[in-house]
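Undergrad: Can you look at this prediction? I've put the sequence above it.
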Amino acid sequence: MDKVLELVFLTAGGKTARITVDNPKENLGQQEIEQAMKDIIDSKAFLTTSGPFAVAKEARFVERNVQIYQFS
């Protein structure tokens, strides 16, 4: 099962931007995620066409099952 953590931000231009973290640390709590998102915003490390990240909108864990069939 694949698991990712999606961090969703609003940019200074009001658009939505997303960072996806593969295989996130287990048992992350809301406060830890919120603080990490604040740190990302404060670092100004990401710039989009609609400006830098400005607001932490939401975070979500996403899991999916992938079944592969291989044929010769």
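TA: Arrived safely. Computed from a predicted model, the values in this text were never measured in an experiment.
Undergrad: distance between the helix or strand containing residue 8 and the chain's centre?
TA: Using DSSP states H and E, residue 8 maps to strand 2-11. How far strand 2-11 lies from its chain's middle: 2 Å, per C-alpha atoms, centre = their mean, to the nearest Å.
Undergrad: Can you list the strands that that strand pairs with?
TA: strand 16-22 (antiparallel), strand 51-64 (antiparallel) (DSSP bridges).
Undergrad: Buried residues in the longest one, which are they?
TA: By neighbour count on 16 or more other C-beta atoms under 10 Å, the buried set for strand 51-64 is 52-54, 56, 59. Glycine gets a C-beta too; all of them are placed from N, C-alpha and C.
Undergrad: Return the closest of the residues you listed with respect to residue 28.
TA: residue 59 (8.7 Å; C-beta to C-beta).
Undergrad: Residue 37 is in contact with the closest one, correct?
TA: Yes. In terms of C-beta atoms under 8 Å, residue 59 counts as a neighbour of residue 37; the distance is 6.8 Å.
Undergrad: Can you pull the residues that touch both of those two?
TA: residue 7 (C-beta atoms under 8 Å, 6 or more residues apart in numbering).
Undergrad: what residue ranges in the protein score low on pLDDT?
TA: For the chain, the stretches flagged by pLDDT under 70 are 1.
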